[in-house]
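Trainee: what's the 3D shape of this:
(one chain, ligands or ions: 1)
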Amino acid sequence: MQLIIHKGSQEIGGTCIQLSQDGTTILLDLGLPLREESKPVDLSALNPDAIFVSHPHQDHYGLIVDTDSSIPIYMSELGKRLIDAARIFSHQAPLSNDFHFFKPWISLDIGPFKITPYLMDHSSPDAFAFLVEADSKRLFYTGDLRAHGRKGVLFERLIENPPPDIDVLLMEGTMLGRTSDDFPTESAVEGKIVEVIKGQRNTSFVICSSQNIDRLVSVFRACKRTDKFLVVDVYAAWVLEQMKLVSDRVPNMFWDEVKVIVSNSQYQVVKANPEFFGDFQNEIFKPEHRIKPHEIMAAPADFVQAIRLSGARFIEPHLGDQPVNVIYSQWLGYLDGDETQYGASQVNRLRDDPRVNFVYAHTTGHALLEDLKRLVASLEPKHIIPIHTDCPGQFADHFENVKVCEDKQEYDIGNGRIQKVPKTRP
Ligand SMILES: [Zn+2]
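Mentor: Numbering: from 1, shown residues only. Reported below is the predicted structural model:
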């Protein structure tokens, strides 16, 4: 089996791993880089037989938009729907690649490859690791994963019953070299939100990603525990609708405690795409689902609004005598630096506003070092290759048999060794 990491051996984001065997080539992920100076993978030289997408985060799927639409793309159906949700609300057409939907733990054959998706815990729903088998070699790619979210049980099940005889573990190392003020678990985040909102005299806003379903569930549960309504925008309401595909335990606007606030700009998106949204376009206007701004103004302490960073402008009208809670519940990095994230400057202003009670409550979507150690102890791989990390060099401080790869370099995975393939063969 031959391996080329086109991107991701030395950085977080833009992951693209190529595996080849007997003339068949597959890609695991095809993401957009997160670093501004990092160039996306050059697709012109790639002609894979299949592309597998681990989860619907841009840094793992972003480049499939630019691939030849005849190349089969394998991902989960929910993943595809979440990508389309993000696209349609940013005025882009849904993707029309040749999609094939896989299901957790059901293997697929692509030429000599057998690929098994493992459902994992991450800040995105439907995040998968892949077990790839070919030529009697077994490679396990973690994708992005963690053990401390709402689906942490998936991580525990994996390490209790690991796939045996792993030759190569391609393991994400996002948290290596990162220090964080994060909460230890998703339930700790929920606990903090409860503490902040329970005695509120004004309204609360939670700034988080609408696709971080674990977080929306945490906010919902905090609302439930304090007898408040969760208010979501039309985009989040649509995302929550999609979750019905995999779970009936994720709140949505049909639940009594969830309300939708309809802004004109989001309504215009729905109105322009009637076939895409179907019945949803009528449901959001039904009085049992919809809440209007003046209704929140009339009893602000009864509501907690989940908004995106770009929705920070909705906070302003609520500033008054009683403090507004602004719970910042995503990566603090979005507020730093050049404030390129839309809404960051507004939120930074609010941080210093005496009318605002600014609170940070977040936990990472990525595995902590101690959990990576448990993963390695369980899988006992012959080799570990760092991926999705800014600090590949630190792997050797914590793990045995680490092989740090170079982007774009071909390696041959043989019996008990990983060897560079010379660029010009003799
Ligand atoms: Zn991710």
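
Trainee: what ranges do the helices span in the chain?
Mentor: With helices called from DSSP state H, the chain shows them at 58-61, 77-88, 152-160, 186-197, 213-226, 234-242, 264-272, 274-277, 280-283, 293-298, 344-351, 369-379, 395-398.

Trainee: distance to Phe358, mean pLDDT and mean neighbour count for the ones you listed - can I get that in a markdown table?
Mentor: (Each C-beta comes from the backbone N, C-alpha and C, glycine too.) Converted to a markdown table, the helices of the chain look like this (distance: least, CB to CB, whole Å; pLDDT from 0 to 100; neighbours: other CB atoms under 10 Å):
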| stretch | distance to Phe358 | mean pLDDT | mean neighbour count |
| --- | --- | --- | --- |
| helix 58-61 | 27 | 97 | 23 |
| helix 77-88 | 27 | 98 | 20 |
| helix 152-160 | 29 | 98 | 16 |
| helix 186-197 | 10 | 97 | 20 |
| helix 213-226 | 16 | 98 | 23 |
| helix 234-242 | 22 | 98 | 24 |
| helix 264-272 | 26 | 96 | 14 |
| helix 274-277 | 35 | 97 | 12 |
| helix 280-283 | 34 | 97 | 15 |
| helix 293-298 | 20 | 96 | 13 |
| helix 344-351 | 5 | 91 | 16 |
| helix 369-379 | 29 | 97 | 17 |
| helix 395-398 | 35 | 98 | 15 |
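
Trainee: tell me the phi and psi of the residue in the stretch 251-400 of the chain positioned nearest to the ion?
Mentor: Of all residues in the stretch 251-400 of the chain, Gly365 sits closest to the ion, at 5.8 Å by CB to the ion. Main-chain torsions, Gly365, degrees, to the nearest 10: phi -90, psi 0.

Trainee: so what's the closest residue to it other than its chain neighbours up against?
Mentor: With CB to CB, 6 or more residues apart in numbering as the measure, Ser123 is the residue that lies nearest to Gly365, at 2.8 Å, once sequence neighbours are left out. Ser123 makes contacts with 144, 146, 149, 209, 212, 214-215, 364-365, as judged by CB atoms under 8 Å, 6 or more residues apart in numbering.

Trainee: let me have these in a markdown table, extended by distance to Ala86.
Mentor: Shown next, in a markdown table, are the contacts of Ser123 (distance: CB to CB, whole Å):
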| residue | distance to Ala86 |
| --- | --- |
| Asp144 | 17 |
| Arg146 | 21 |
| Gly149 | 20 |
| Ser209 | 10 |
| Asn212 | 12 |
| Asp214 | 17 |
| Arg215 | 16 |
| Thr364 | 21 |
| Gly365 | 16 |
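
Trainee: would you mind writing the CA trace of the one helix or strand in the chain whose mean pLDDT sits lowest as PDB?
Mentor: Within the chain, no helix or strand scores below helix 344-351, which has a mean of 91 by mean pLDDT, DSSP states H and E. Output of helix 344-351 as PDB, limited to C-alpha atoms (Å, rounded to 0.1, in the frame of the first residue of the first chain):
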ATOM      1  CA  ALA A 344     -15.800  39.300  15.900                       C
ATOM      2  CA  SER A 345     -15.400  43.100  16.300                       C
ATOM      3  CA  GLN A 346     -18.900  43.500  17.600                       C
ATOM      4  CA  VAL A 347     -18.400  40.700  20.200                       C
ATOM      5  CA  ASN A 348     -15.000  42.200  21.200                       C
ATOM      6  CA  ARG A 349     -16.800  45.500  21.900                       C
ATOM      7  CA  LEU A 350     -19.500  43.800  23.900                       C
ATOM      8  CA  ARG A 351     -16.800  42.000  26.000                       C
END
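
Trainee: contacts for it?
Mentor: Residues outside helix 344-351 that contact it (CB under 8 Å, 6+ apart) are 207, 309, 312-313, 315-316, 326, 328, 334-335, 339, 356, 358.

Trainee: what sits closest to the spatially most central residue of the chain if chain neighbours are left out?
Mentor: The chain has Ser124 as the residue nearest its centroid, 3.3 Å off, counting by CA atoms, centre = their mean. In this structure, Ser124 finds its nearest non-sequential neighbour in His55, 4.6 Å apart by CB to CB, 6+ apart.

Trainee: check Val194 too.
Mentor: Nearest to Val194 is Ala222, by CB to CB, 6+ apart, at 4.7 Å.
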